[in-house]
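1. Model the following, please.
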Amino acid sequence: MSPAPASLTHWGAFRARIESGDIAEITPLEGDTDPSPLLGNLPGSVRHRSRVAGPAVRRGWLDNGPGPTDRRGADEFVAVSWDELTELLATELRRVIDTHGNEAIYGGSYGWASAGRFHHAQSQVHRFLKLLGGYTSSRHSYSLGATGVIMPRVVGTHDDLFKRSTNWNVIAAHTDLLVCFGGVGLKNTGVNHGGTTAHPARDALARFRDRGGQIVSFSPLRDDVEGNCQWLAPVPGTDVAIMLALAYVLATEDLADRAFLQTYCTGYDRFERYLLGTDDGEPKSPEWATDICRLPAQTLRELARQMAAGRTIVTVSWSLQRVRHGEQAPWMGLTLAAMLGQIGLPGGGFGHGYGSMNEPGLSPITCRLPVFPQGANPVTTFIPVAAVSDMLLHPGESYDFNGQTLRFPDIRCVYWAGGNPFHHHQNLPRLRRALARVDTVVVHDPYWTAMAHHADIVVPSTTAFERDDFSGSRNDPLLVAMPALTAPYAESRNDYETFAALAYRLGFGETFTEGRTDREWLSAMYEKWSAELDLIVPTFDEFWAAGQIRLPVEDGLTLLADYRADPQAHRLTTPSGRIEIFSADIDGFGYADCAGHPRWYEPTEWLGGDRAQRFPLHLVANQPKTRLHGQLDGGATSQNSKVQGREPIRMHPVDASARGLIDGDLVRVFNDRGSCLAGLVLDEGLRTEVVQLSTGAWYDPEDPADPDAMCVHGNPNVLTDDIGTSSLARGCTGAHVLVEVEKFSAPAPPIRAHEPPPFATR
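-> Predicted structure coming up:
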């Protein structure tokens, strides 16, 4: 018997056994030495009770027409036919455009959605909206909002920090010391956009340790580095102060590579005046940092000397830039690495995102991937992606962003496909009030997520397992065919069919489809791609029959090695052509919250501030071990981690004892923004005064009609502050928040997170 066809997800490739129209069993693709446990969420996902069975319209919108309302999230839905949904949606889009212009449509649609190259929800909705006349778009990502703005100004790129990062094999062979700010979370290396077929990080770190390599992990969580390491647990949010203290030792003990700083960097002299306290009278010494981070000054001094004595990589996780002033951590990490003078040398230098996703450290392919053409957006209005609530609540107001003064548009229609902002966005009570302001919310989704519950028009999309596609990623050698594994659930359709029907109804169907079926698009994309390559690949039919093809990769990379070898021939795309430790451009913006060089800013949510007197526990809202963001939260791997059906919250036994709590308790986590329930797990692998509650539990308000209602399932974004990183990037700040925790003694409310909403008889 021939093996089952392979398919691809963001967290790995697999083969599936199908029973009764659903995935019954999965087997990781052969050759993956460390397959992700997230594959365990797939069985049962196609026919899960949370699937959207057919087109649905919120009853109040259907009865009363479009307009602002506080009933989103609490109203009943009405089942409609596909023809009626197409007519209602086309009519509403035309009304919004004719009355308010295309700028009034927000098509951010942020989210991971499918790994497929064609049936990728954002690509589909953006092509449709662009051909409709355009839409207000979003820039950057929740994952890397600060990095996406600061690093191009400092080093000329941010993509190459991941795509062309120092390879794991180089680290295993040449690095002596990994100094990891935010750890190297192997749980996060399970996933990659576009899909991933191999997970080499665990094996590489084992080889690194076997050769004698050492790891120093700065994190409040012990398991941010698995296995042997020197674990230093500072006050969360103080990493920049620690980096400054290490830099101070390098500068004052003649350990800094001043020749490298002079040749490859600009502005170090300006930064050093701040570092030494020349102007402000406050040297950023280890003793200064000790009062902030609560780590011994001598430990920091000894580490700085060790870093200078061997081949060292300074790594900064993505999580460190998802806080207020998040631009500073990657900027200061790069500055610290520059002072060591090892950037561009095998096994030395800087890394950003090792352990944040399965891309840094992997070899990039040497060709591009097939693409579904989206075209240009006729509307130039955009927002930073994490400013959704600000935009909806403050139309017409001006704001600063990356040296510009911009204006929030007046959005009347939010069009979301393939994402769930109730996972990504901060301060969910505020987001609910923001969504109540618009005329119409449209959501395409296979599942009744919280965003679907808050929609007016819900379009039932297929999952990746119910349609033909193919995919690959820029740091994975396999392009993988993804044949449909089963028939579409109930009345669900793929988004291409939905948008094609809408486009024909609105008069541009032939332009949108180019006369092709979805299967014909796959062939056309592949053949166009293969015709432009400098290598020979199989025909589309041969590729589809084989199931995969291997693409060439560039192995053995060291970040910025070409720049180090010839800084003139490989000038960076910064204004100076060099690494900008001091940026005259940023300095010229005059932002009070982002100066012209990296520096320490006191966090708004940290244990050293006055707010900690009211909320004395620092909650780390990190990525979960059991799912990708909120995807497939109803799957077995995710559900098996729950405590009393709620998302687990980890706490040190000392802090639990002070509150009269024991392992397994149902607890209320709260601050002045909101509250949620969680199941308590005691763990000595946390710093005291720190608790950890992963993101991704589907938002489940006890009272769906009350924006301030407690989430009974454990979504930490009811607690987080909806404020940008700074005036420069306005990135997401959802990683850290101060809270208090108490035992929940009332009867446990039911969990309805994965249930469809109530439906009304028409």
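2. residue closest to the middle of this structure?
-> Closest to where the C-alpha atoms of the chain average out (CA atoms, centre = their mean) is Ser143, at 3.2 Å.
3. Report how many residues lie close to the residue nearest to it when sequence neighbours are not counted.
-> Leaving aside its sequence neighbours, Ser143 sits nearest to Trp318 (CB to CB, 6 or more residues apart in numbering; 5.8 Å). No exception for glycine: its C-beta is placed from N, CA and C like everyone else's. Look at Trp318: counted by other CB atoms under 10 Å, it has 28 neighbours.
4. what's Trp318 in contact with, if anything?
-> By CB atoms under 8 Å, 6 or more residues apart in numbering, the contact list for Trp318 reads Ser143, Leu144, Thr147, Gly182, His352, Gly353, Ser356, Met357.
5. quick one: secondary structure of the first one?
-> What that stands for is Ser143. coil (DSSP: H, G, I helix; E, B strand; the rest coil).
6. Show me what whatever helix or strand Gln692 lives in is packed against.
-> Per DSSP states H and E: Gln692 is located in strand 690-693. Under the contact criterion of 3 or more CB pairs under 8 Å, 6 or more residues apart in numbering; DSSP states H and E, strand 690-693 touches strand 617-620, strand 648-651.
7. Which residues does the first one contact?
-> Same thing as strand 617-620. Contacts for strand 617-620 (CB under 8 Å, 6+ apart): 220-221, 235-237, 605-607, 612, 651, 655, 669, 689-693, 716, 719, 735-741.
8. So which of those are in helices?
-> Asp655 (DSSP state H).
9. Return the members of the contacts of strand 617-620 classed as buried.
-> Neighbour-count burial (16 or more other CB atoms under 10 Å) applied to the contacts of strand 617-620 gives 220-221, 235-237, 605-607, 612, 651, 655, 669, 689-693, 716, 719, 735-741.
10. Okay, and which of those residues map to strands?
-> Among the buried ones among the contacts of strand 617-620, the ones falling in strands (DSSP state E) are Met651, Val669, Val690, Val691, Gln692, Leu693, His736, Val737, Leu738, Val739, Glu740, Val741.
11. Can you give me the buried ones in the longest helix that the chain contains?
-> The residue-count maximum for a helix in the chain (DSSP H) belongs to helix 82-100. For helix 82-100, a neighbour-count test (16+ other CB under 10 Å) marks Trp82, Leu85, Thr86, Leu88, Leu89, Ala90, Glu92, Leu93, Arg95, Val96, Ile97, His100 as buried.
12. Out of those, flag the one nearest to Thr440.
-> Thr440 has its nearest neighbour among those in Glu92, at 5.4 Å by CB to CB.
13. For the chain, give me the ranges with low pLDDT.
-> Applying pLDDT under 70 to the chain picks out residues 1-3.
14. domains of it?
-> Following automatic domain parsing, the chain resolves into domains at 6-41, 56-142+372-465+489-515, 165-363+562-589, 610-743.
15. so how far is the last one off the chain centroid?
-> Here domain 610-743 is found 18 Å from its chain centre; the criterion is CA atoms, centre = their mean, to the nearest Å.
16. Can you give me the end-to-end span of it?
-> Using CA to CA, to the nearest Å, the end-to-end distance of domain 610-743 comes out at 24 Å.
17. now the shortest one
-> For domain 6-41, the separation between the terminal residues is 17 Å (CA to CA).
18. Start the count at 37 instead of 1 going forward.
-> All right, first residue 37 from here; so that's domain 42-77.
19. What residues sit buried inside it?
-> Residues of domain 42-77 classed as buried: 42-52, 58-59, 62, 64-65, 68, 70-72, 74-77 (neighbour count, 16+ other CB under 10 Å).
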